[in-house]
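Colleague: return atomic coordinates for the entry below.
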Amino acid sequence: MTPDRPLVGSLLDTDLYKLLMLQLIWRSHAATPVTFSLVNRTRSVRIADEVDPSELRAELDHVRSLRFTADEIAWLGETAFYGRRDLFAADFVAWLPTLRLPAYEVEQRDGQLDLSFRGGWAETTLWEIPALTIVTGLRARRVTRAMSPDDRDHLYRCALGRLEAKAERLRALPGLALTDFGTRRRHSLGWQRTCLEVMRERLGGAFQGTSNVLLARTLDLPAVGTNGHELPMVLAALAEDEAALKRAPYRVLEEWAALYPQPLRIVLPDTFGSAAFFRDAPDWVADWRGVRPDSAPPAEAGEALIDWWRAAGRDPREKLLVFSDALDLDLIEDLHHRFHGRVGVSFGWGTRLTNDLEGCAEAPGLKAISLVCKVTEAAGRPAVKLSDNPEKATGDPAEVARYQRVFGTEGHLARRPSV
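Modeller: Residues are numbered from 1 along each chain as shown. As a prediction, this is how the structure comes out:
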């Protein structure tokens, strides 16, 4: 398998949730000025030393040159997502070919990449996924390019054997529901495709699709997605007072529900802390299809959600838990055994599905790291994420402290960010 060139060749090479959020942003908040910034949470890895700056600029410049093509637009307008052919409205689909991603700024500082994107929210938000896949892909490409053909062949044979062994273990889980969430930190597009093909072949109906829109189209798989932290982060940054700040997470849900049907109503509660979210949540939040607990210890989060649904008079067996944070095979097995039959359970498997080549060759660049691209400013104000895990908190320290006063820190438990 040879490295992909270019690393991102289509604006469809993104996660479905980005297009779903883009439609909401375009309809209600298009011109809001925002800044997205690359954040390496694995600070021990000096990624600037592992990425050639000229190659990075060439890849970013290529993404800026991309446009949604006529056949991609036709496919988006004709394809059923979650059983709906009108999930993307005609006026939104008609606007997509006019989209131009804004310029980037990049510098090297203390071994890290200072990479940022500024512009109106609707034109800027799609930078998140290609920024991550490019930096991760360049780290991997540097390693594979230096290998001999025999060593490269050994690398992928080892990785394929590991992948097939995972699939065999997963087959033993009755009622498994697994999807691919691995675009942002994948080894490469080609390797992500291989992972999907193996999982589909080995797991059959238990493999329920991919977040990657391009691969969903190419492989005729369901495209799946939820929503992300940037929505409450931006709406909170825009809040004029503390009352509006506390209401921001629920305003996001109201706007989301106005656009999307019940299958897409998955709550992401941890932007400012899950305990605060559920403490103040309106009763109607319990009517949503499910919850994606992202940063809290997953078993404890799942048990707390079952208790919350019961206390709200809802049957947990009719709800869905979507686990997606730092999943490895052992954790998937443990969570499935614990919750299967008590509540609906789905797994969105990311990095350890599409970038698990460490150990197949002795090369630091093959080690996956915790790399994110977060909104850091909105309308000139710092954007903040508290998270259930304070190690994942982002934002100006003074604003982080203010948010902690407003939302509290109940349930916040520091854990080293994983991938």
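
Colleague: which parts of the stretch 251-400 of the chain are strands?
Modeller: Along the stretch 251-400 of the chain, the segments classed as strands by DSSP state E, counting those that start in this stretch run 266-267, 290-291, 320-323, 344-349, 371-378, 381-382.

Colleague: need those in TSV (columns: mean pLDDT and mean neighbour count).
Modeller: Backbone N, C-alpha and C define where each C-beta goes, glycine included. Formatted as TSV, the strands of the stretch 251-400 of the chain follow (pLDDT from 0 to 100; neighbours: other CB atoms under 10 Å):
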stretch	mean pLDDT	mean neighbour count
strand 266-267	98	23
strand 290-291	98	25
strand 320-323	98	22
strand 344-349	98	22
strand 371-378	96	22
strand 381-382	96	16
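
Colleague: can you say which of these is nearest to L126?
Modeller: Nearest to L126 among the strands of the stretch 251-400 of the chain is strand 371-378; the distance by CB to CB comes to 10.8 Å.

Colleague: where are the low-confidence patches of the chain?
Modeller: Scanning the chain for pLDDT under 70 picks out 1-4, 414-419.

Colleague: break it into its domains for me.
Modeller: Recorded structural domains for the chain (assignment: automatic domain parsing) are 1-147+371-383, 154-223+292-360, 227-290+385-419.

Colleague: how about V8, nearest residue that isn't a chain neighbour?
Modeller: For V8, ignoring the flanking residues on the chain, the nearest one in space by CB to CB, 6 or more residues apart in numbering is P130 at 4.5 Å.

Colleague: circling back to that earlier point, now render the strands of the stretch 251-400 of the chain as JSON lines, adding distance to L329.
Modeller: As requested, the strands of the stretch 251-400 of the chain are exported to JSON lines (distance: least, CB to CB, whole Å):
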{"stretch": "strand 266-267", "distance to L329": "23"}
{"stretch": "strand 290-291", "distance to L329": "23"}
{"stretch": "strand 320-323", "distance to L329": "13"}
{"stretch": "strand 344-349", "distance to L329": "9"}
{"stretch": "strand 371-378", "distance to L329": "22"}
{"stretch": "strand 381-382", "distance to L329": "38"}
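
Colleague: of those, which is nearest E230?
Modeller: Counting by CB to CB, E230 lies closest to strand 371-378 out of those; the figure is 4.7 Å.

Colleague: what strands line up against the closest one, and which way round?
Modeller: Paired with strand 371-378 in the same sheet, following DSSP bridges, are strand 33-40 (antiparallel), strand 381-382 (antiparallel).

Colleague: most tightly surrounded among those?
Modeller: strand 33-40 (a mean of 20; mean count of other CB atoms under 10 Å).

Colleague: residues in contact with it: which ones?
Modeller: Strand 33-40 has contacts (CB atoms under 8 Å, 6 or more residues apart in numbering) with 47, 112-121, 124-125, 127-128, 131-132, 135, 234, 369-380, 383, 394.

Colleague: show me which helix runs longest in the protein.
Modeller: When the chain is parsed with DSSP state H, its longest helix is helix 149-171.

Colleague: and stretch 169-181, end to end?
Modeller: Using CA to CA, to the nearest Å, one end of stretch 169-181 lies 19 Å from the other.

Colleague: may I see the buried residues of that stretch?
Modeller: L170, L173, L176, A177, L178, T179, D180, F181 (16 or more other CB atoms under 10 Å).

Colleague: so which residues of the stretch 101-250 of the chain form strands?
Modeller: Using DSSP E, counting those that start in this stretch, strands in the stretch 101-250 of the chain cover 104-109, 112-120, 178-180, 207-210.

Colleague: to R292, which of these lies closest?
Modeller: Among the strands of the stretch 101-250 of the chain, strand 178-180 sits nearest to R292 (CB to CB), with 11.6 Å.

Colleague: returning to what we had before: which residues touch the longest helix of the chain?
Modeller: Residues outside helix 149-171 that contact it (CB under 8 Å, 6+ apart) are 1, 144, 147, 176, 178, 187, 191, 194-195, 198-199, 202-203, 206, 329, 332-333, 353, 356-357, 359-361.
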